[in-house]
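J.: Below is the structure, and that's it, no one-letter string:
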Ligand SMILES: Cc1ncc(COP(=O)(O)O)c(C=O)c1O
Ligand SMILES: Cc1ncc(COP(=O)(O)O)c(C=O)c1O
């Protein structure tokens, strides 16, 4: 059952989240809320402007939003900034595809398990919650380091 | 055709209205408008407090509103005030009866021809226009004469 | 597992009136619809009325002298009579058709906030209090926040006890001579709580405040007589009482409706219009700008007739018995915590709960995969979730067609949910 | 008597889609429906869509994770896509569902008048001008009168020429840098006049004013592309374009919708609600408080599909040819005076007229007794009647199902009216 939505990979990340917990130091933090269901996430990023040195998060929510934060960490932590943004873009595209895109495992890793979620309009926001917060935080961190005044 | 609404009597009053035209002297005047169709009527009454010495009117509107003003004049001009109010009450009752009342010719005279109009909700206001203006004018005239300061 | 319920309704026969209940969902699951507090399903007589209206009597109302126009007007105004009778309104002119309960609630908040009323009792301003409760639907919170923002009036509210009841300990401190309007929900759409409206209305009237009741959840479920309720205004919505979407009702005492200034401007609400200024019709037309939801009002009339045919006392008794059964069943499911009154006293057929460690979204999704439709989220009553420190709840809600089998399917489903995420 | 008309529509086939056209009236007269500017009749595909929605997909939208909820949401949001395409909106998020055109017009007037916008361009106040025209429907007059009253802004208007055209001689004197908003009708519902919206919009935009167009009569009748119209906001109503009652649309440019503050408060229009204050969703949801007219929006989508299936250019050409025919026929009836443009240029399929010495109420009533349904009165545009010094008009209006036989029946009927009152 639940074939299309609750992939085994998603349940694994939900039950055993990777990289969870807020860590110091960090250069920017974003807190996002999904008002329809009350899911919340805080994402922190630490970067020198070139590499994502740490990505930490904490929050509460459904299996989809929690698993997607775990996948976010696993995929992007330690990556180069451009790569991180590129993966983020491709995950968002996947989620907005209504299931019409064939996801690329080389780019998205475990993220491909979310292809089924894209068919459930009510759950897409859950999957995107941590990714949106991440994008927010990273953009601000990059703007700050570029502005020449790292925190 | 038009049996129930356009009685011969109504058409006669419409084509040959009785007592039409505003006259002096008068003790009170009322101007009423039916906003849905633009029909207008002005009614004047002259009274010594006991008798309706003159009832004059002018206006524009459909056959129903014009004929009903003519009938109003014919029925009430020169009558005692109490009688005038009684007839007015009984005409209003007839119009609100949805055609369920058997009108009393002894009281309503040619007014009984309007029984059919009571079945056309959109036209009841037309039939009542002059009667409402009359009631307004007469009530004010009576109040003034009772108040002891006739105009 | 089986517990006995006695209901005055012949539920099997009632269910035959609702074509959607025959629907098979994905995986060929039958539909177990436990989301009636969100919107109710529609019986065949209501659907037939809509079709008959559009195929035989469709025309605009009030402004036509032709036969279709007269028929449409008679049907529309006839629905007003039906609704007046349904809620015991002293006069049909006290029944205003709106598009939903939210519009009806906004109508009151906006006209009080507009400052256009002649009588100062109907004008909100600095120094005035608006009193609501923490268990309101957003539709009875946001309009008052906007009204307070516009006028400088202050918004205050009753809190909620741990048991899911209004905390009335401060009744006299909250409702004071500063209070101009008290607006509260009759039956909470998240907790199920039935509030003692008469008690609060009595205090409000003592200090000269207006009382508006949000009956979106109560009017569909119990016999309501506005004279007995003792309030000034009552809002409710058609789609939760077997009626179409797109139609709601505001009832108000004539005196109050006469004192309120117009809400929206347009065709039908006027007496006469000139470019330089306009005068307005009397209630109810004063508040019905533009072509009203004609077919929807007629459909709502048919819905009220359908419910009256079942008997509102029977509807209430049926939902009560299902609720008692459901509370019992849920008490047997490990990990379930009821949010709201957990006994079947002074509550309606809406039960919110949490399931330990599993997010409501996941509960709802897995239930749905077995054909069990519940609602998950904050149910447009987020302050209640905040009050209980939870992000959301799962909510099952019942109506005339709900059976004990539906409740059993829910309980089974919850066990599956736990196994799945366990 | 017979004149040729060429129409791209197969009217006989179109008529089969409208079940009400089979209706026999009192005296066994067939229905000659010449009141489509008041409300149009509904084709079978729209009725089928409504029934299908209620019997298979009925649920509340946006807030459910269950299958019915997802289907209902997909249907409702799908209707938004359909309407966006129908009017050439650059984005689906620019399409707001309201209950009718009147609500859509009030939405704009009220949010501009509320004073809650951040950007002063969207706040009306003393020193600002609102510009409308003398040929507006009451629904585009009264909201602005109320807004002017509330804010101290001044209301100004374009007059009408003897021929029934807008008098644009004072264009630059009426629309000045003081002007904040210009709101005008695209096609007059009483005169039939089609206004040069682009010209007026160009001047308005020169001075930085917003342009709202009332398309209640034009959107049902001609291909509309909001980008070509060059306006900021467009209001129209479902029931005049083969759709259900209870549904209307406001389209607005994203930038404008983003700048306007919320209208009504309640469920669905919020981002997050706390007792202390709330934040709001983005458009279109910001303007859709409460349970929307779900089935009605879905029905309107079906209506737009039906009209697109006929082809809006064909709809327009058909109505134009019937209008030309009718203008000719009426010119032959002694005593008829057309109120509005009497040639078929830049006008729609709505013809108002007077009949010498006979009141429109009497005209309409006698026509009705022969099955010919027209509208009589001021048509919610009383200032136009005042302008021409008449109490009311008789109005015949046409749509996709109107035939030359219908027009002949009207002309015959007018002769009978004259004999009857002669
Ligand atoms: C030109 C015009 N504007 C506005 C309206 C109002 O539309 P509705 O009554 O659907 O709100 C109408 C029709 O009644 C109209 O013809
Ligand atoms: C208690 C309560 N009030 C108000 C509303 C708003 O009703 P509607 O969405 O029909 O406007 C609802 C339902 O959504 C409700 O449950």
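T.: Sure thing, it's come through. Just so you know, these numbers come straight off a predicted model, no measurement behind them. Numbering: from 1, shown residues only, chains lettered A, B, ... in the order given. Ligands and ions are numbered 1, 2, ... in the order given.

J.: Now do the helices in the chain.
T.: In the absence of a named chain, chain A is used. In chain A, the helices defined using DSSP state H lie at A:8-15, A:63-76, A:81-95, A:105-108, A:121-146.

J.: nope, chain C
T.: Under DSSP H, chain C gives helices at C:11-16, C:44-52, C:67-86, C:101-113, C:142-151, C:171-174, C:197-206, C:226-229, C:254-259, C:294-310, C:312-331, C:360-368, C:382-387, C:404-421.

J.: For the helices of chain A, please prepare a markdown table with the additional fields distance to chain B and mean pLDDT.
T.: Placement of C-beta: from N, CA and C, glycine included. Below are the helices of chain A laid out as a markdown table (distance: least, Cβ to the nearest Cβ, whole Å; pLDDT from 0 to 100):
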| stretch | distance to chain B | mean pLDDT |
| --- | --- | --- |
| helix A:8-15 | 63 | 94 |
| helix A:63-76 | 57 | 96 |
| helix A:81-95 | 55 | 96 |
| helix A:105-108 | 66 | 94 |
| helix A:121-146 | 47 | 91 |
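
J.: Packed most tightly, which of those helices would that be?
T.: Of all the helices of chain A, helix A:63-76 has the most neighbours on average by mean count of other Cβ atoms under 10 Å in any protein chain shown, namely a mean of 25.

J.: Check the gap between the residue nearest to residue C:411 when sequence neighbours are not counted and residue C:388 for me.
T.: Excluding its sequence neighbours, the residue lying closest to residue C:411 (Cβ to Cβ, 6 or more residues apart in numbering or on different chains) is residue C:329, at 4.7 Å. Look at residue C:329 and residue C:388: by Cβ to Cβ, to the nearest Å, they are 22 Å apart.

J.: Comparing the two, which residue is more hemmed in?
T.: Comparing residue C:329 with residue C:388 by neighbour count (other Cβ atoms under 10 Å in any protein chain shown), the higher total belongs to residue C:329, at 20 against 17.

J.: what's near enough to touch residue 17?
T.: Picked chain A for this. By Cβ atoms under 8 Å, 6 or more residues apart in numbering or on different chains, the contact set of residue A:17 is A:66, A:67, A:69, A:70.

J.: Chain C, not that one
T.: Applying Cβ under 8 Å, 6+ apart, the residues near residue C:17 are C:43, C:44, C:45, C:306.

J.: cool, residue C:272 as well?
T.: B:33, B:35, C:278, C:279, D:382.

J.: Looking at the helices of chain C, which is nearest to ligand 1?
T.: helix C:294-310 (10.2 Å; Cβ to the nearest ligand atom).

J.: Contacts (any at all) between chain D and the closest one?
T.: Yes - Helix C:294-310 is in contact with chain D by Cβ under 8 Å from any Cβ of the partner chain, via C:294, C:295, C:296.

J.: which helices and strands does that helix pack with?
T.: Judged by 3 or more Cβ pairs under 8 Å, 6 or more residues apart in numbering or on different chains; DSSP states H and E, helix C:294-310 is in contact with helix C:44-52, helix C:67-86.

J.: For the residue nearest to residue C:411, give its distance to chain B.
T.: 53 Å (Cβ to the nearest Cβ, to the nearest Å).

J.: Kindly report the residues of the stretch 251-400 of chain C close to ligand 1.
T.: Contact residues, the stretch 251-400 of chain C versus ligand 1 (Cβ under 6 Å from any ligand atom): C:267, C:290, C:291.

J.: Pick the one among these closest to chain D.
T.: residue C:290 (2.6 Å; Cβ to the nearest Cβ).

J.: The closest one touches residue D:104, doesn't it?
T.: No - applying Cβ atoms under 8 Å as the test, residue C:290 and residue D:104 come out as separate, 9.1 Å apart.

J.: ok, how many other residues are close to residue C:312?
T.: For residue C:312, the neighbour count with other Cβ under 10 Å is 17.

J.: Grab the nearest non-local neighbour of it.
T.: Nearest to residue C:312 is residue C:223, by Cβ to Cβ, 6+ apart, at 4.1 Å.

J.: from what I can see that neighbour touches residue C:317, true?
T.: No - using Cβ under 8 Å, residue C:223 is not in contact with residue C:317, being 10.6 Å away.

J.: which neighbours do the two share?
T.: Common neighbours of residue C:223 and residue C:317 (Cβ under 8 Å, 6+ apart) do not exist.

J.: what about the residue in the stretch 201-350 of chain C that chain B sits nearest to, distance to ligand 1?
T.: Closest residue of the stretch 201-350 of chain C to chain B, Cβ to the nearest Cβ: residue C:272 (4.4 Å). For residue C:272, the distance to ligand 1 equals 17 Å [Cβ to the nearest ligand atom, to the nearest Å].

J.: Which positions within stretch C:336-346 qualify as buried?
T.: For stretch C:336-346, burial by neighbour count (16 or more other Cβ atoms under 10 Å in any protein chain shown) applies to C:336, C:338, C:339, C:340, C:341, C:342, C:344.

J.: Tell me which residues touch the residue lying closest to the fifth one once chain neighbours are set aside, please.
T.: Beyond its immediate neighbours in the sequence, the residue positioned closest to residue C:341 (Cβ to Cβ, 6+ apart) is residue C:347, lying 4.5 Å away. Counting by Cβ under 8 Å, 6+ apart, residue C:347 makes contact with C:187, C:191, C:192, C:193, C:194, C:323, C:340, C:341.
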